[in-house]
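Chemist: Need coordinates for the below:
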Amino acid sequence: MTSDQGTFYCYDDLGICCPTDPESFYTTNNKKKPVEIYVFIDPLCPECWSLEPVIKKLQMEYSNYFTIKTLLGNEMRSFNTPVGSKYNARVQEMAKSYHETACRTGMPCDGDVWYENRLTTPYSAILAIKAAELQGIAIGSKFLRRVREALFLHKQNIAEEEVLISCAKNVKGLDVNEFANDLHSEAAKKALNSDVRTTKEMDVETLPTMVFFNDDIDEPGLKVQGLYNYQIYVDIIADMIGKKPEKCPPLSLKQFISFYSLVASKEISVVFDMSMEIVHKEMKKLQLQQQVEEIQTKHGSLWKFIG
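Modeler: Presented below is the predicted three-dimensional model:
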């Protein structure tokens, strides 16, 4: 079946309609879903970055059961007003955190960015993400991804408008001129302020945090702080809907990579339940077919779609 916003295939035996492409992860399929997930992140937070494979896997396997809303926080707000030695100590702390998170989780992120391109106004990057979201949830999600790639992988200063515009140019479907106009707009500021209010109302104090709600408005949300094993999140969804959720068939590896454009070996491993050795073999096959190219980093390989 096709809706105005996405394409789905319905399995009568399973009683579910599954997205046939990643773009459809961000649509409702004209159907109210029983679970709503609020994901609170800071785009500069390495632990939040490490949540990416989990979110992608949940979307591919169980998006029939939930809608997801990403809200932005700013744990790094102290960088907006640099202060001498305290600032330098914070820079060293962040560089160390990036390195340790990459080693622990397998998601590449290079802490050298804090020495090579210090971010003095992270608020600018966060506001830019809300500006991109004004063009749609899927567009905003892809722009968020480009901004994080610029920071964690390419060691760029995402507080610079030039870098943000470059990220926008790499998002298919995003109107760059409209985005540039929205960068400092009241609409973007209003959207960010709404995220801030929701964060306070839900008493979210650490990032990342995911809050799960079922369709019973009298039931409080279930707050999950930090990063956990994938099955924990599946079990929460099962508890929310009162039964074991049916899993959607996986999309093809090529579909996955072509939509996200650049993915880490760790993401492929988590999303497709592959060992890192199998991931390497499968990606080498696509490389021989000239569908992808490998980009090696300090903390593992990235694969860029070129097909």
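Chemist: from here on, contacts and neighbour counts on C-alpha atoms
Modeler: OK.
Chemist: Would you map the strands across the stretch 101-250 of the chain?
Modeler: Ranges of strands in the stretch 101-250 of the chain, per DSSP state E, counting those that start in this stretch, are 209-213, 222-225.
Chemist: Quick check: can you name the pairing partners of the first one and their directions?
Modeler: To tie it back to what came earlier, the one meant is strand 209-213. Strand pairing for strand 209-213, determined by DSSP bridges: strand 35-41 (antiparallel), strand 222-225 (antiparallel).
Chemist: any residues touching that strand, and which ones?
Modeler: By CA atoms under 8 Å, 6 or more residues apart in numbering, the residues outside strand 209-213 that reach it are 35-41, 219-226, 236-237, 240.
Chemist: Which helix or strand contains V54?
Modeler: Element membership of V54 [criterion: DSSP states H and E] is helix 52-62.
Chemist: and the very next helix or strand once past that helix with helix 52-62, angle?
Modeler: Downstream of helix 52-62, the next assigned helix or strand under DSSP H and E is strand 66-72. Here the directions of strand 66-72 and helix 52-62 differ by 160 degrees (axes from the mean of the first three to the mean of the last three CA atoms, to 10 degrees).
Chemist: and strand 66-72, what does it pack onto?
Modeler: strand 35-41, helix 186-201 (3 or more CA pairs under 8 Å, 6 or more residues apart in numbering; DSSP states H and E).
Chemist: Most tightly packed of these?
Modeler: Most buried of the helices and strands packed on strand 66-72, by mean neighbour count (mean count of other CA atoms under 10 Å): strand 35-41, with a mean of 21.
Chemist: Please enumerate residues in contact with the following helix or strand past it?
Modeler: Where DSSP H and E defines the elements, the next helix or strand beyond strand 35-41 is helix 46-49. Outside helix 46-49, the residues that touch it by CA under 8 Å, 6+ apart are 41-43, 97-98, 101-102, 107, 109, 148, 207-208, 226-227.
Chemist: buried subset of those residues?
Modeler: In these, burial by neighbour count holds for 41-43, 97-98, 101-102, 107, 109, 148, 207-208, 227, counting by 16 or more other CA atoms under 10 Å.
Chemist: which residues touch the residue nearest to M210 when sequence neighbours are not counted?
Modeler: Of all residues not flanking M210 in the chain, V39 sits nearest, at 4.6 Å (CA to CA, 6 or more residues apart in numbering). Counting by CA under 8 Å, 6+ apart, V39 touches 68-71, 208-211.
Chemist: which of those are buried?
Modeler: Buried members of the contacts of V39, scored by 16+ other CA under 10 Å, are 68, 71, 208-211.
Chemist: quick one: pLDDT of the residue nearest to the spatial centre of the chain?
Modeler: Among the residues of the chain, the one closest to the centroid is E52, at 4.9 Å (CA atoms, centre = their mean). Here, the pLDDT recorded for E52 equals 94.
Chemist: next one: the one 4 residues further on
Modeler: In the prediction, the pLDDT value recorded for K56 is 93.
Chemist: Please list all residues in contact with the residue nearest to it when sequence neighbours are not counted.
Modeler: Spatially, and ignoring its direct neighbours in sequence, K56 is nearest to V271 (6.7 Å; CA to CA, 6+ apart). Residues in contact with V271 (CA under 8 Å, 6+ apart) are 53-54, 56-57.
Chemist: Turn those into CSV, including neighbour count and distance to K284.
Modeler: Below are the contacts of V271 laid out as CSV (neighbours: other CA atoms under 10 Å; distance: CA to CA, whole Å):
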residue, neighbour count, distance to K284
P53, 21, 21
V54, 18, 24
K56, 18, 22
K57, 19, 22
